[in-house]
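K.L.:
Turn this into a model:
(4 chains)
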2 protein chains.
Amino acid sequence: MNLDAVAKRAGVSTATVSRVLNDLKVVRSSTRARVLKAAGELNYHPNLHARSLARGKSRTLGILVSNMENPFFFDIYRALESAAHARGYEVVVANTDYRSEQLVSSVRLMIGWRVAGLAAIVSEMDANLMQALNDSRIPIVFYDVGTPRKNITNVRVDYRKGMKKIAGYLHSLGHTRMAFVGHHSTLGPISERRKTFLETIARFTPGTEGQIVAGADGLEGGRQAARELLASNFHPTAILCVNDFMAVGVLRELRDQGIRVPNDISVTGFDNIKLAEFCSPALTTVHIPREQIGQTIFENLLPDSKRDQMSGREILIDPELVVRESTGLARKTQNSAGGKEKSLAGRSANS
Amino acid sequence: MNLDAVAKRAGVSTATVSRVLNDLKVVRSSTRARVLKAAGELNYHPNLHARSLARGKSRTLGILVSNMENPFFFDIYRALESAAHARGYEVVVANTDYRSEQLVSSVRLMIGWRVAGLAAIVSEMDANLMQALNDSRIPIVFYDVGTPRKNITNVRVDYRKGMKKIAGYLHSLGHTRMAFVGHHSTLGPISERRKTFLETIARFTPGTEGQIVAGADGLEGGRQAARELLASNFHPTAILCVNDFMAVGVLRELRDQGIRVPNDISVTGFDNIKLAEFCSPALTTVHIPREQIGQTIFENLLPDSKRDQMSGREILIDPELVVRESTGLARKTQNSAGGKEKSLAGRSANS
DNA sequence: AAGAATTCTGTAACCGTTTACACTATCACA
DNA sequence: TGTGATAGTGTAAACGGTTACAGAATTCTT
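P.N.:
Sure thing, here's the model as predicted:
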């Protein structure tokens, strides 16, 4: 079931078979028909390894994702894939599960497969690996890599703007004690989002206190973070979560402790995954256009276009506030230990 | 950056380099060291296409999934992948999105890649394609294919048992008007699950009426189905959903219509995804052990073992009832139009 | 009907590995 | 110091395609 077999059966050479299969219109149509018939009868499927080896290049794109389980990333993947398919590219995806060891082996795999381009939607990317990737000469686009660097192209959500919108909205509802719930990989000590939160609070919502809590990602992590937060002596009137999943976890814990949302505490998410609309109460969140992100990544991955591939660029994506049921007017703070102007505190729960 | 380059740099032949890279211990350790050094300096990554071409077989498994977005399938995938990695196999996954056209092209891709085995976790599999796959001589394991067939190995959840448990439980709470919410691909006119529901109702919960509603899969589909159900003149005291996602959609709609769960209506899911524990109210559902499924699929995919690959077998997985907050005692039916014994009705909403 | 132009097809080298086989060191032992 | 045995390495033929190049077949000119 290789080219040879088809060639024999059709009474032509392998070259001709190859031409037919690749739709080069140089072949006489009668020959073409004979070849297709033979291929069909033999149930022939070209060996794609041999093909990419011979061609020296593939039309396959690689995608690295930290957490495919999060529909947010999944949607990006889906958009990217559909853009790729539309242009005749295949896509292989590796889920790294936030494990850098897994990431390393996935990268090795992608390079081994000689993918035509690589989309890195991973938060556990470290400097070494980024260097290695750049050395590999594979076109690569990062999504939202924490610390921007020269020569890498990076599609990024404007978190600053999103944070401003959501914190501003909460502030307009009278909230002055806000907590930020993130997970470890978004909240390292030098994390940009951590800074963004603190700066936003400080600059745009005067007289507001802030607190940061970190946990694992996901539903469990959200619940756990809420637990810690409620056990602490910081009594927030609003809890801002780094993504919707964690927010749903937070909602769950509040409910278990008999705290009403939004009457007692307001909760917000980030991403606007489908679930945000379906949970109870429905989440106020920030919509991030995943389709746009996926498409943008794809477009910047393609070798075409006049812009030189190697000079990295930074693409900013705009988020949009979506108000639902989980936010409301701030309750009178029952034990505000004095809301002075300089009260901005940013102690992290995981020191 | 091919074997040749490394060989030159290390002053050996390509054969030796290959042997080093494949860990054949026939190489003298001093040579070995030189080769590894050269490979490292050149930042060499073997071309996996060439490798599988030369070897004539790959250690890559293919997975076809209808809906990777559903964490239920994702968990199976994850378990399968981790089992595979533990045995040195790679895994490529294709998401078919319930589109049979997409499935066809994914299958083509997998065959083209000459995967060592194929896991089909798809519900849109039709008879033709299954035939084609069997002809391709690739070991293949199906998950829960609707209509069992000779010569294919199929890992299946014992839905009958799960349905019995959940319907029996509801019956013990006094429910006698149950609706079943499924999506199109699980509820074709000849679907097994549809039959299972009806038979279970008939045999194990005497005096119970049943109704079937179908929609799209997922949160939206669940909401839509609930909407239709509530608009009909069948007034269920319990709604059984084919999976947890649809159940959450149902919960949402009930809440929007001011119907309390479980006080007014009980709702159940299926699968026991993480969300089932975190939504409000937490779902009573049926736990399906995804890790076990993933592992089982992998084990049955391997060429090892004395059991002949080609004689298909059927493996049944046992589900377990999980009671949470979404079910309670049946309310007195407000307009039961006479619950006679023969009242089992099975009209589908989408005729 | 012959030559030129054009269209179609075949030959063979190549892509980057693996691996059977042959060969050369190295070593143990008489 | 030869003689096997053994350990280490190289040569070259696959693997299954693609494609430059050349050659054959067809069509177009005159």
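
K.L.:
name the element the residue most central in space within chain A belongs to?
P.N.:
Central residue of chain A (Cα atoms, centre = their mean): A:F73, 4.1 Å from the mean position. Assigned by DSSP states H and E, A:F73 belongs to helix A:71-86.

K.L.:
which helices and strands does the very next helix or strand once past that helix pack with?
P.N.:
Helices and strands here follow DSSP H and E; after helix A:71-86, the next one along the chain is strand A:90-95. The contact analysis (3 or more Cβ pairs under 8 Å, 6 or more residues apart in numbering or on different chains; DSSP states H and E) places strand A:90-95 against strand A:60-65, helix A:71-86, helix A:100-112. Any C-beta I mention is one placed from the backbone N, CA and C, and that applies to glycine too.

K.L.:
is it possible to export those to TSV including mean pLDDT and distance to DNA strand D?
P.N.:
Supplementary listing: the helices and strands packed on strand A:90-95 in TSV, determined by pLDDT from 0 to 100; distance: least, Cβ to the nearest atom of the strand, whole Å:
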stretch	mean pLDDT	distance to DNA strand D
strand A:60-65	96	14
helix A:71-86	95	19
helix A:100-112	94	16
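
K.L.:
circling back: the residue nearest to the centre of chain A touches A:I63, doesn't it?
P.N.:
No - proximity of A:F73 to A:I63 does not meet the contact threshold set by Cβ atoms under 8 Å, at 9.5 Å.

K.L.:
Now list whatever residues contact both of these two.
P.N.:
Taking Cβ atoms under 8 Å, 6 or more residues apart in numbering or on different chains as the contact criterion, the residues that touch both A:F73 and A:I63 are A:I121.

K.L.:
Chain B contacts on the stretch 51-200 of chain A?
P.N.:
A:51-53, A:58, A:68-69, A:71, A:74, A:78, A:81, A:90, A:92-93, A:95, A:97, A:108-109, A:111-114, A:132, A:135-136 (Cβ under 8 Å from any Cβ of the partner chain).

K.L.:
of those residues, buried ones?
P.N.:
Applying a neighbour-count criterion of 16 or more other Cβ atoms under 10 Å in any protein chain shown, the buried members of those are A:51-53, A:58, A:68-69, A:71, A:74, A:78, A:81, A:90, A:92-93, A:95, A:97, A:109, A:111-114, A:132, A:136.

K.L.:
Report the residue spans of chain A with pLDDT below the cut-off.
P.N.:
Screening chain A residue by residue with the criterion pLDDT under 70, one finds the ranges A:146-148, A:188-190, A:303-311, A:332-351.

K.L.:
wait, does stretch A:33-43 contact DNA strand C?
P.N.:
No - contact of stretch A:33-43 with DNA strand C (Cβ under 7 Å from any atom of the strand) is absent, the minimum separation being 8.3 Å.

K.L.:
Which of the residues in that stretch are classified as buried?
P.N.:
Under 16+ other Cβ under 10 Å, the buried positions of stretch A:33-43 are A:R34, A:V35, A:L36, A:A38, A:A39.

K.L.:
now stretch A:75-92
P.N.:
Neighbour count says stretch A:75-92 has A:75-81, A:83-84, A:89-92 buried, by 16+ other Cβ under 10 Å.

K.L.:
now stretch A:161-181
P.N.:
Neighbour-count burial for stretch A:161-181 [16+ other Cβ under 10 Å]: A:161-167, A:169-171, A:175-181.

K.L.:
Among those residues, which are located in helices?
P.N.:
Filtering the buried residues of stretch A:161-181 for membership in helices, criterion DSSP state H, returns A:K161, A:G162, A:M163, A:K164, A:K165, A:I166, A:A167, A:Y169, A:L170, A:H171.

K.L.:
how about the residue nearest to the centre of chain A, what does it touch?
P.N.:
A:F73 makes contact with A:V65, A:S66, A:N67, A:I121 under the criterion Cβ under 8 Å, 6+ apart.
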